[in-house]
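*Asks:* what would the 3D arrangement of this be:
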Amino acid sequence: MTHQPTLFDDERPAKIARDSDPDTSHDAAAEMQPKLSALESRMADVWRSNGPLTANEAAEIAVLTEYTQSLGANAETYRKRYDALLKKSRIIADGKKRCNISGKLATVYRIKDYTK
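*Replies:* The predicted structure follows:
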C-alpha cells in the first residue's frame, strides 16, 4: 500500500538545526536530511511489512536487511526515527505489549491505514 498524504499530513522534514545555530550546523543538517529520510522510509516499510511492533522491535528488524546495512545505521539510530513518523501521522499507537527486545511494557505502533 502506498502512503497517500492528506491535507493534514506534515511531510516536511523534521528540523535538525535550531534557528540560532551557526551556519555550519545548518549545512550539516542539510547534508544529513536525505539519510534521515531514508531511515524513516525503511522504518515505515518495516511496520508496513510486519504489522504492529514496538519501536525497538521495528528497529531490530530494520538493521537485519541488506538495504539497511548499506546505510550504516544501528538499531538505536532507527529507533529514533519512530518519533518523526508519529509526528507525520505515518504510524499510530495501537496498544501496549511486552517488548521482545527490552522486556518492558511498551507502546505498539502500526502503519496508519489511509484507506479508511
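*Asks:* following element in sequence after the worst-scoring helix or strand of the chain on mean pLDDT, please.
*Replies:* The weakest-scoring helix or strand in the chain, judged by mean pLDDT, DSSP states H and E, is helix 66-71 (a mean of 62). Sequence order places helix 75-79 as the next helix or strand after helix 66-71, per DSSP states H and E.
*Asks:* pull the residues that contact that next one.
*Replies:* By C-beta atoms under 8 Å, 6 or more residues apart in numbering, the list of residues contacting helix 75-79 from outside reads 39, 42, 43, 55, 56, 58, 59, 60, 62, 63, 68. Where you see a C-beta, it was placed from the backbone N, CA and C, and this is true even at glycine.
*Asks:* again, 6 Å this time
*Replies:* 43, 55, 56, 59, 60, 62, 63 (C-beta atoms under 6 Å, 6 or more residues apart in numbering).
*Asks:* and for stretch 39-49?
*Replies:* By C-beta under 6 Å, 6+ apart, the residues outside stretch 39-49 that reach it are 58, 61, 62, 68, 78, 81, 84, 85, 90, 91, 111.
*Asks:* one more time with 7 Å, if that's ok
*Replies:* With C-beta atoms under 7 Å, 6 or more residues apart in numbering as the test, stretch 39-49 has contacts from 1, 53, 58, 61-62, 67-68, 71, 73, 77-78, 81-82, 84-85, 90-91, 109-111.
*Asks:* and residue 105, what does it touch?
*Replies:* For residue 105, the contact set (C-beta under 7 Å, 6+ apart) comprises 96, 98.
*Asks:* show me the shaky parts of the protein.
*Replies:* 1-17, 26-36, 66-71, 114-116 (pLDDT under 70).
*Asks:* so which residues of it form helices?
*Replies:* Counting by DSSP state H, one finds helices in the chain at the ranges 23-50, 55-62, 66-71, 75-79, 82-87.
*Asks:* can you give me the neighbour number for residue 57?
*Replies:* Using other C-beta atoms under 10 Å, the number of residues around residue 57 comes to 23.
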